[in-house]
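Undergrad: Any chance you could fold what I've pasted below:
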Amino acid sequence: SSSSSSSSSSHSSSSHSSGGISAGAGGRWHADAAGRGPISALQAKALAATAGRQPSPQDSVKVLDPFFVLYWFCISLIGLGIAVIARHSALEALEMQEMEEEGGELSTCGPRETHLPQNLWSLNLACAVGQVKLGKHELWSPIVTLLSLFFGALQIISLFLVVHDINPNATPVTEHPSSPWVSSPWSVNCMKWLMVTFLSLFMVRESAQCRILLNGIMETNNRRLKLHKSFLFFIASIQYLVVILVVWCGVAAVLSFQSVPDILYSSMSVTFISNVDEACFELLNHVFGVEVNFVIVHGISIRRMSRRDLFDALDADGDGIVTKEEMLNFEGSQSLEDLSTLRHEAIPWWVDIILRFLTVFPFMLGFGLISRAFYTNVMPTSRIHALKNVIIAALR
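TA: Sure, this is the predicted structure:
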(Lines give C-alpha, C1' and ligand atoms only; values in the text may rest on other atoms or scores of the structure.)
Protein backbone atom coordinates (compact mmCIF):
# COMPACT_ATOMS: atom_id res chain seq x y z
CA SER A 1 0.00 0.00 0.00
CA SER A 2 2.73 2.44 0.99
CA SER A 3 4.89 1.45 -2.00
CA SER A 4 2.04 1.96 -4.44
CA SER A 5 1.24 5.38 -3.00
CA SER A 6 4.88 6.40 -3.13
CA SER A 7 5.19 5.21 -6.72
CA SER A 8 2.06 7.14 -7.70
CA SER A 9 3.33 10.27 -5.95
CA SER A 10 6.74 9.95 -7.62
CA HIS A 11 5.00 9.44 -10.98
CA SER A 12 2.92 12.62 -10.53
CA SER A 13 5.94 14.63 -9.38
CA SER A 14 8.03 13.39 -12.30
CA SER A 15 5.28 14.23 -14.75
CA HIS A 16 5.07 17.72 -13.23
CA SER A 17 8.84 18.29 -13.31
CA SER A 18 9.27 16.98 -16.84
CA GLY A 19 7.66 20.12 -18.27
CA GLY A 20 4.54 18.35 -19.53
CA ILE A 21 1.01 19.64 -19.20
CA SER A 22 -0.99 17.88 -16.53
CA ALA A 23 -4.73 17.63 -16.63
CA GLY A 24 -7.54 15.89 -14.88
CA ALA A 25 -9.40 13.05 -16.54
CA GLY A 26 -11.78 14.90 -18.78
CA GLY A 27 -11.07 18.20 -17.00
CA ARG A 28 -11.51 21.38 -18.99
CA TRP A 29 -8.66 23.36 -17.40
CA HIS A 30 -4.98 22.37 -17.19
CA ALA A 31 -1.99 23.60 -15.22
CA ASP A 32 1.10 24.57 -17.18
CA ALA A 33 4.62 23.32 -16.45
CA ALA A 34 5.74 26.54 -14.77
CA GLY A 35 2.85 26.44 -12.34
CA ARG A 36 1.41 29.71 -13.61
CA GLY A 37 -2.16 28.70 -13.01
CA PRO A 38 -4.95 27.15 -15.09
CA ILE A 39 -4.97 27.41 -18.87
CA SER A 40 -7.55 26.29 -21.39
CA ALA A 41 -7.41 23.04 -23.30
CA LEU A 42 -6.75 24.91 -26.56
CA GLN A 43 -3.80 26.71 -25.00
CA ALA A 44 -2.55 23.42 -23.62
CA LYS A 45 -2.51 21.89 -27.09
CA ALA A 46 -0.71 24.96 -28.46
CA LEU A 47 1.95 24.75 -25.76
CA ALA A 48 2.41 21.04 -26.38
CA ALA A 49 2.83 21.63 -30.12
CA THR A 50 5.28 24.46 -29.48
CA ALA A 51 7.34 22.36 -27.08
CA GLY A 52 7.79 19.59 -29.60
CA ARG A 53 8.27 21.58 -32.79
CA GLN A 54 11.51 21.92 -34.68
CA PRO A 55 13.27 25.31 -34.73
CA SER A 56 11.82 27.43 -37.54
CA PRO A 57 13.71 29.96 -39.72
CA GLN A 58 12.03 32.73 -37.73
CA ASP A 59 13.88 31.67 -34.58
CA SER A 60 17.27 32.66 -36.06
CA VAL A 61 16.23 36.02 -37.49
CA LYS A 62 18.59 38.88 -36.69
CA VAL A 63 17.70 42.54 -36.56
CA LEU A 64 20.28 43.34 -39.26
CA ASP A 65 22.33 41.10 -41.52
CA PRO A 66 24.37 41.72 -44.71
CA PHE A 67 21.82 40.02 -46.95
CA PHE A 68 19.02 42.21 -45.59
CA VAL A 69 20.98 45.43 -46.21
CA LEU A 70 22.19 44.39 -49.68
CA TYR A 71 18.76 43.15 -50.74
CA TRP A 72 16.92 46.36 -49.89
CA PHE A 73 19.74 48.47 -51.28
CA CYS A 74 19.24 46.78 -54.65
CA ILE A 75 15.48 47.24 -54.42
CA SER A 76 15.99 50.96 -53.70
CA LEU A 77 18.36 51.29 -56.67
CA ILE A 78 15.76 49.78 -58.98
CA GLY A 79 13.12 52.19 -57.67
CA LEU A 80 15.52 55.13 -58.09
CA GLY A 81 16.20 54.10 -61.70
CA ILE A 82 12.46 53.99 -62.40
CA ALA A 83 12.10 57.47 -60.86
CA VAL A 84 14.84 58.90 -63.11
CA ILE A 85 13.23 57.39 -66.21
CA ALA A 86 9.82 58.74 -65.15
CA ARG A 87 11.23 62.26 -64.72
CA HIS A 88 12.92 62.12 -68.13
CA SER A 89 9.66 61.02 -69.76
CA ALA A 90 7.71 63.77 -67.96
CA LEU A 91 10.16 66.43 -69.18
CA GLU A 92 9.88 65.21 -72.76
CA ALA A 93 6.08 65.27 -72.57
CA LEU A 94 6.20 68.82 -71.17
CA GLU A 95 8.47 69.99 -74.00
CA MET A 96 6.16 68.47 -76.62
CA GLN A 97 3.16 70.17 -75.01
CA GLU A 98 4.90 73.57 -75.04
CA MET A 99 5.83 73.16 -78.71
CA GLU A 100 2.23 72.30 -79.61
CA GLU A 101 0.91 75.29 -77.67
CA GLU A 102 3.37 77.67 -79.35
CA GLY A 103 2.20 76.57 -82.77
CA GLY A 104 -1.45 76.57 -81.81
CA GLU A 105 -4.07 79.29 -82.01
CA LEU A 106 -4.70 79.80 -78.29
CA SER A 107 -2.43 81.91 -76.14
CA THR A 108 -1.14 80.04 -73.08
CA CYS A 109 0.04 82.75 -70.75
CA GLY A 110 -1.92 81.44 -67.77
CA PRO A 111 -0.30 80.84 -64.37
CA ARG A 112 0.82 77.50 -63.04
CA GLU A 113 -1.87 75.40 -61.34
CA THR A 114 -1.76 72.54 -58.84
CA HIS A 115 -4.74 70.15 -58.82
CA LEU A 116 -4.83 68.55 -55.39
CA PRO A 117 -6.44 65.14 -54.76
CA GLN A 118 -9.76 65.30 -52.96
CA ASN A 119 -9.00 63.81 -49.56
CA LEU A 120 -8.52 64.85 -45.95
CA TRP A 121 -4.76 65.40 -46.27
CA SER A 122 -5.05 67.85 -49.18
CA LEU A 123 -7.72 69.70 -47.21
CA ASN A 124 -4.95 71.00 -44.93
CA LEU A 125 -3.15 72.77 -47.80
CA ALA A 126 -6.40 74.10 -49.28
CA CYS A 127 -7.37 75.42 -45.85
CA ALA A 128 -3.92 77.00 -45.40
CA VAL A 129 -4.42 79.13 -48.54
CA GLY A 130 -8.00 80.08 -47.61
CA GLN A 131 -9.87 77.96 -50.15
CA VAL A 132 -12.11 76.05 -47.71
CA LYS A 133 -15.44 77.52 -46.62
CA LEU A 134 -18.08 76.41 -44.16
CA GLY A 135 -21.10 78.47 -45.07
CA LYS A 136 -20.01 82.11 -45.39
CA HIS A 137 -16.89 81.72 -43.29
CA GLU A 138 -13.50 80.16 -43.91
CA LEU A 139 -12.95 76.87 -42.11
CA TRP A 140 -10.51 77.16 -39.22
CA SER A 141 -7.23 75.37 -40.03
CA PRO A 142 -6.75 73.72 -36.60
CA ILE A 143 -10.05 71.86 -37.03
CA VAL A 144 -8.82 70.20 -40.22
CA THR A 145 -5.44 69.51 -38.60
CA LEU A 146 -7.01 67.80 -35.59
CA LEU A 147 -9.23 65.69 -37.83
CA SER A 148 -6.21 64.64 -39.91
CA LEU A 149 -4.17 63.69 -36.84
CA PHE A 150 -7.11 61.83 -35.28
CA PHE A 151 -7.97 59.70 -38.31
CA GLY A 152 -4.30 59.18 -39.12
CA ALA A 153 -3.78 57.83 -35.60
CA LEU A 154 -6.78 55.52 -36.02
CA GLN A 155 -5.32 54.13 -39.24
CA ILE A 156 -1.91 53.53 -37.67
CA ILE A 157 -3.42 51.88 -34.58
CA SER A 158 -5.57 49.60 -36.76
CA LEU A 159 -2.53 48.50 -38.76
CA PHE A 160 -0.55 47.95 -35.56
CA LEU A 161 -3.25 45.66 -34.22
CA VAL A 162 -3.16 43.69 -37.47
CA VAL A 163 0.59 43.14 -37.21
CA HIS A 164 0.46 42.46 -33.47
CA ASP A 165 -1.79 39.41 -33.87
CA ILE A 166 -0.14 37.92 -36.97
CA ASN A 167 1.59 34.64 -36.22
CA PRO A 168 5.35 35.36 -36.58
CA ASN A 169 6.06 31.63 -36.99
CA ALA A 170 3.75 31.19 -39.98
CA THR A 171 5.33 29.91 -43.19
CA PRO A 172 5.02 32.32 -46.15
CA VAL A 173 5.34 29.44 -48.62
CA THR A 174 2.25 27.29 -48.21
CA GLU A 175 2.94 23.56 -48.18
CA HIS A 176 -0.25 22.29 -46.59
CA PRO A 177 -3.40 24.37 -47.27
CA SER A 178 -5.66 24.90 -44.28
CA SER A 179 -8.74 23.96 -46.33
CA PRO A 180 -9.14 20.17 -46.03
CA TRP A 181 -10.59 19.83 -49.52
CA VAL A 182 -7.55 21.47 -51.18
CA SER A 183 -4.77 18.95 -51.79
CA SER A 184 -2.19 21.04 -53.66
CA PRO A 185 -0.78 24.38 -52.40
CA TRP A 186 -0.18 25.96 -55.84
CA SER A 187 -3.48 27.88 -55.82
CA VAL A 188 -2.77 29.39 -52.38
CA ASN A 189 0.74 30.51 -53.34
CA CYS A 190 -0.49 31.98 -56.64
CA MET A 191 -3.21 33.88 -54.80
CA LYS A 192 -0.61 35.38 -52.48
CA TRP A 193 1.33 36.81 -55.42
CA LEU A 194 -1.82 38.12 -57.08
CA MET A 195 -3.13 39.87 -53.98
CA VAL A 196 0.24 41.45 -53.25
CA THR A 197 0.32 42.74 -56.84
CA PHE A 198 -3.15 44.29 -56.56
CA LEU A 199 -2.40 45.73 -53.13
CA SER A 200 0.85 47.34 -54.32
CA LEU A 201 -0.86 48.84 -57.37
CA PHE A 202 -3.61 50.37 -55.23
CA MET A 203 -1.04 51.89 -52.89
CA VAL A 204 0.86 53.49 -55.78
CA ARG A 205 -2.30 55.51 -56.39
CA GLU A 206 -2.19 56.68 -52.77
CA SER A 207 1.53 57.50 -52.93
CA ALA A 208 0.96 59.46 -56.15
CA GLN A 209 -1.64 61.57 -54.32
CA CYS A 210 0.93 62.16 -51.60
CA ARG A 211 3.48 63.30 -54.21
CA ILE A 212 0.99 65.78 -55.69
CA LEU A 213 0.32 67.15 -52.22
CA LEU A 214 4.05 67.52 -51.50
CA ASN A 215 4.51 69.24 -54.87
CA GLY A 216 1.71 71.65 -54.03
CA ILE A 217 3.22 72.46 -50.63
CA MET A 218 6.66 73.19 -52.11
CA GLU A 219 5.34 75.23 -55.03
CA THR A 220 2.97 77.40 -53.00
CA ASN A 221 4.48 80.70 -51.93
CA ASN A 222 5.25 80.97 -48.22
CA ARG A 223 3.44 84.31 -47.91
CA ARG A 224 0.15 82.71 -48.97
CA LEU A 225 0.15 80.04 -46.29
CA LYS A 226 -1.52 80.38 -42.91
CA LEU A 227 0.41 77.35 -41.64
CA HIS A 228 4.14 76.80 -41.78
CA LYS A 229 5.40 74.54 -44.55
CA SER A 230 7.19 72.25 -42.11
CA PHE A 231 3.89 71.47 -40.40
CA LEU A 232 2.21 70.76 -43.75
CA PHE A 233 5.11 68.44 -44.60
CA PHE A 234 4.52 66.65 -41.30
CA ILE A 235 0.84 66.12 -42.15
CA ALA A 236 1.74 64.80 -45.62
CA SER A 237 4.34 62.46 -44.11
CA ILE A 238 1.61 60.85 -42.00
CA GLN A 239 -0.27 60.03 -45.18
CA TYR A 240 2.82 58.42 -46.70
CA LEU A 241 3.51 56.53 -43.46
CA VAL A 242 0.01 55.06 -43.64
CA VAL A 243 0.66 54.00 -47.25
CA ILE A 244 3.89 52.19 -46.32
CA LEU A 245 2.28 50.52 -43.31
CA VAL A 246 -0.68 49.36 -45.41
CA VAL A 247 1.69 47.68 -47.88
CA TRP A 248 3.81 46.09 -45.18
CA CYS A 249 0.89 44.93 -43.03
CA GLY A 250 -1.07 43.79 -46.08
CA VAL A 251 1.77 41.63 -47.36
CA ALA A 252 2.35 40.18 -43.89
CA ALA A 253 -1.36 39.36 -43.52
CA VAL A 254 -1.51 37.73 -46.96
CA LEU A 255 1.57 35.60 -46.25
CA SER A 256 0.27 34.41 -42.88
CA PHE A 257 -2.84 32.70 -44.28
CA GLN A 258 -2.93 29.28 -45.89
CA SER A 259 -6.22 29.40 -47.82
CA VAL A 260 -7.45 31.44 -50.78
CA PRO A 261 -10.58 32.95 -49.13
CA ASP A 262 -8.61 34.13 -46.09
CA ILE A 263 -5.98 35.74 -48.34
CA LEU A 264 -8.66 37.55 -50.35
CA TYR A 265 -10.54 38.84 -47.30
CA SER A 266 -7.40 40.03 -45.50
CA SER A 267 -6.03 41.98 -48.48
CA MET A 268 -9.41 43.66 -49.07
CA SER A 269 -9.71 44.61 -45.40
CA VAL A 270 -6.23 46.17 -45.25
CA THR A 271 -6.87 48.15 -48.44
CA PHE A 272 -10.11 49.40 -46.90
CA ILE A 273 -8.12 51.08 -44.10
CA SER A 274 -6.25 53.26 -46.60
CA ASN A 275 -9.50 54.87 -47.84
CA VAL A 276 -10.42 56.44 -44.50
CA ASP A 277 -9.09 59.88 -45.53
CA GLU A 278 -11.31 60.05 -48.61
CA ALA A 279 -14.34 58.87 -46.61
CA CYS A 280 -13.71 61.57 -44.00
CA PHE A 281 -13.63 64.27 -46.68
CA GLU A 282 -16.89 62.97 -48.15
CA LEU A 283 -18.38 63.24 -44.66
CA LEU A 284 -17.32 66.88 -44.35
CA ASN A 285 -18.51 67.68 -47.86
CA HIS A 286 -21.92 66.00 -47.94
CA VAL A 287 -22.95 66.21 -44.29
CA PHE A 288 -21.53 69.54 -43.13
CA GLY A 289 -21.53 71.28 -46.51
CA VAL A 290 -17.83 72.16 -46.57
CA GLU A 291 -16.91 73.76 -49.90
CA VAL A 292 -13.34 73.26 -51.11
CA ASN A 293 -11.42 74.51 -54.12
CA PHE A 294 -8.69 71.93 -54.67
CA VAL A 295 -7.04 73.92 -57.50
CA ILE A 296 -4.24 76.18 -56.30
CA VAL A 297 -3.44 78.88 -58.87
CA HIS A 298 0.08 80.26 -58.52
CA GLY A 299 -0.73 83.66 -60.04
CA ILE A 300 -3.66 85.55 -61.54
CA SER A 301 -6.04 83.54 -63.68
CA ILE A 302 -6.37 85.16 -67.10
CA ARG A 303 -9.09 84.11 -69.45
CA ARG A 304 -7.66 82.22 -72.40
CA MET A 305 -8.39 83.93 -75.70
CA SER A 306 -7.30 83.53 -79.27
CA ARG A 307 -4.66 85.83 -80.72
CA ARG A 308 -7.31 87.72 -82.66
CA ASP A 309 -9.43 88.30 -79.57
CA LEU A 310 -6.39 89.42 -77.62
CA PHE A 311 -5.45 91.92 -80.31
CA ASP A 312 -9.01 93.27 -80.44
CA ALA A 313 -8.96 93.72 -76.68
CA LEU A 314 -5.73 95.67 -76.88
CA ASP A 315 -6.79 97.77 -79.89
CA ALA A 316 -9.51 99.78 -78.17
CA ASP A 317 -10.08 102.30 -80.99
CA GLY A 318 -10.06 99.64 -83.72
CA ASP A 319 -7.50 101.38 -85.94
CA GLY A 320 -5.32 98.28 -86.21
CA ILE A 321 -2.47 99.80 -84.19
CA VAL A 322 -1.85 99.09 -80.50
CA THR A 323 -0.43 102.20 -78.88
CA LYS A 324 1.35 102.51 -75.54
CA GLU A 325 -1.67 104.23 -74.03
CA GLU A 326 -3.95 101.39 -75.13
CA MET A 327 -1.54 98.87 -73.62
CA LEU A 328 -1.50 100.71 -70.30
CA ASN A 329 -5.28 100.98 -70.29
CA PHE A 330 -5.59 97.24 -70.91
CA GLU A 331 -3.22 96.44 -68.05
CA GLY A 332 -5.13 98.81 -65.79
CA SER A 333 -8.41 97.13 -66.64
CA GLN A 334 -7.06 93.80 -65.37
CA SER A 335 -7.46 93.52 -61.60
CA LEU A 336 -3.89 92.36 -61.00
CA GLU A 337 -2.85 91.72 -57.41
CA ASP A 338 0.63 91.52 -55.97
CA LEU A 339 2.11 88.67 -58.00
CA SER A 340 5.05 88.28 -55.62
CA THR A 341 2.82 86.55 -53.08
CA LEU A 342 1.29 84.24 -55.70
CA ARG A 343 4.34 83.29 -57.75
CA HIS A 344 5.16 79.59 -57.41
CA GLU A 345 8.47 78.40 -56.01
CA ALA A 346 10.60 76.14 -58.20
CA ILE A 347 11.29 72.55 -57.16
CA PRO A 348 14.90 71.32 -57.56
CA TRP A 349 15.44 68.41 -59.94
CA TRP A 350 16.77 66.11 -57.24
CA VAL A 351 13.70 66.73 -55.07
CA ASP A 352 11.47 65.81 -58.01
CA ILE A 353 13.40 62.55 -58.44
CA ILE A 354 13.00 61.75 -54.73
CA LEU A 355 9.26 62.40 -54.91
CA ARG A 356 8.93 60.12 -57.92
CA PHE A 357 10.94 57.48 -56.09
CA LEU A 358 8.55 57.74 -53.14
CA THR A 359 5.68 57.27 -55.59
CA VAL A 360 6.95 53.97 -56.96
CA PHE A 361 8.42 52.71 -53.67
CA PRO A 362 5.20 51.06 -52.35
CA PHE A 363 5.11 48.88 -55.46
CA MET A 364 8.77 47.94 -55.02
CA LEU A 365 8.20 47.35 -51.31
CA GLY A 366 5.33 44.91 -51.89
CA PHE A 367 7.27 42.78 -54.36
CA GLY A 368 10.43 43.05 -52.29
CA LEU A 369 8.67 41.74 -49.20
CA ILE A 370 6.97 38.78 -50.86
CA SER A 371 10.06 37.84 -52.90
CA ARG A 372 12.29 37.78 -49.85
CA ALA A 373 9.63 35.93 -47.83
CA PHE A 374 9.36 33.20 -50.47
CA TYR A 375 13.16 32.97 -50.72
CA THR A 376 13.84 32.73 -46.97
CA ASN A 377 10.44 31.36 -45.86
CA VAL A 378 10.49 33.95 -43.05
CA MET A 379 7.62 36.30 -42.25
CA PRO A 380 8.24 40.05 -42.74
CA THR A 381 7.11 40.63 -39.15
CA SER A 382 9.79 38.33 -37.70
CA ARG A 383 12.42 41.06 -37.78
CA ILE A 384 10.12 43.35 -35.78
CA HIS A 385 9.70 40.64 -33.15
CA ALA A 386 13.47 40.13 -33.10
CA LEU A 387 13.94 43.86 -32.53
CA LYS A 388 11.34 43.75 -29.77
CA ASN A 389 13.21 40.89 -28.06
CA VAL A 390 16.48 42.82 -28.29
CA ILE A 391 14.88 45.88 -26.69
CA ILE A 392 13.30 43.79 -23.91
CA ALA A 393 16.62 42.04 -23.23
CA ALA A 394 18.41 45.41 -23.10
CA LEU A 395 15.87 46.81 -20.64
CA ARG A 396 16.28 43.81 -18.36
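
Undergrad: So which bits of stretch 349-364 are buried?
TA: Neighbour-count burial for stretch 349-364 flags 352, 353, 355, 356, 357, 358, 359, 360, 361, 362, 363, 364 (criterion: 16 or more other Cβ atoms under 10 Å). From N, CA and C alone the C-beta is placed, and that goes for glycine too.

Undergrad: Just the ones of those in helices?
TA: 352, 353, 355, 356, 357, 358, 359, 360, 361, 362, 363, 364 (DSSP state H).

Undergrad: Quickly name whichever of the residues you listed is closest to residue 234.
TA: residue 358 (15.4 Å; Cβ to Cβ).

Undergrad: picking that back up, which among the ones in helices among the buried residues of stretch 349-364 gets closest to residue 161?
TA: Of these, the one sitting nearest to residue 161 (Cβ to Cβ) turns out to be residue 362, at 20.9 Å.

Undergrad: hang on, isn't the closest one packed against residue 250?
TA: No: the pair residue 362 / residue 250 is not scored as a contact, 10.1 Å apart, by Cβ atoms under 8 Å.

Undergrad: Name the helix or strand for the spatially most central residue of the chain, please.
TA: The centre of the chain sits closest to residue 243, judged by Cα atoms, centre = their mean, with a distance of 0.2 Å. Element membership for residue 243 (DSSP states H and E) is helix 229-256.

Undergrad: What average pLDDT does that helix get?
TA: Over the span of helix 229-256, the pLDDT mean works out to 94.

Undergrad: Going forward, count from 834.
TA: Let's use 834 as the start, then, which means that last one is helix 1062-1089.

Undergrad: Report all helices and strands that that helix contacts.
TA: Counting by 3 or more Cβ pairs under 8 Å, 6 or more residues apart in numbering; DSSP states H and E, the packing neighbours recorded for helix 1062-1089 are helix 953-961, helix 974-997, helix 1019-1052, helix 1093-1106, helix 1182-1209.

Undergrad: With respect to burial, which of those helices scores highest?
TA: Of all the helices and strands packed on helix 1062-1089, helix 953-961 carries the top mean neighbour count, a mean of 25, counting by mean count of other Cβ atoms under 10 Å.

Undergrad: Taking helix 1019-1052 as reference, get the angle to that helix.
TA: 10 degrees (axes from the mean of the first three to the mean of the last three Cα atoms, to 10 degrees).

Undergrad: Can you list the buried residues in the helix or strand following helix 953-961?
TA: Using DSSP H and E, the helix or strand that follows helix 953-961 towards the C-terminus is strand 965-967. For strand 965-967, burial by neighbour count (16+ other Cβ under 10 Å) applies to residue 965.

Undergrad: by contact count, what packs against strand 965-967?
TA: Contacts defined by 3+ Cβ pairs under 8 Å, 6+ apart place strand 965-967 against strand 1123-1125.

Undergrad: Buried ones in the strand it packs on, by neighbour count?
TA: Within strand 1123-1125, the residues that count as buried by 16+ other Cβ under 10 Å are 1123, 1125.

Undergrad: Just the pLDDT at the closest residue in space to residue 1079 that isn't next to it in sequence, thanks.
TA: The spatial neighbour of residue 1079 that comes closest, neighbours along the chain excluded (Cβ to Cβ, 6 or more residues apart in numbering), is residue 1107 at 4.7 Å. Residue 1107 is assigned 89 on the pLDDT scale.

Undergrad: show me what contacts residue 1107?
TA: 988, 1035, 1036, 1039, 1075, 1076, 1079 (Cβ atoms under 8 Å, 6 or more residues apart in numbering).

Undergrad: Now the two most distant members of those residues.
TA: Counting by Cβ to Cβ, the most remote pair of the contacts of residue 1107 is 988 and 1035, 14.8 Å apart.

Undergrad: can you give me how far the helix or strand harbouring residue 930 is from the chain middle?
TA: In this assignment (DSSP H and E), residue 930 forms part of helix 899-935. A distance of 20 Å separates the centroid of the chain from that of helix 899-935, by Cα atoms, centre = their mean, to the nearest Å.

Undergrad: That helix vs helix 1182-1209, what angle?
TA: Angular relation of helix 899-935 and helix 1182-1209 on a 0 to 180 degree scale: 140 degrees, by the same axes, to 10 degrees.

Undergrad: Noted, bye for now.
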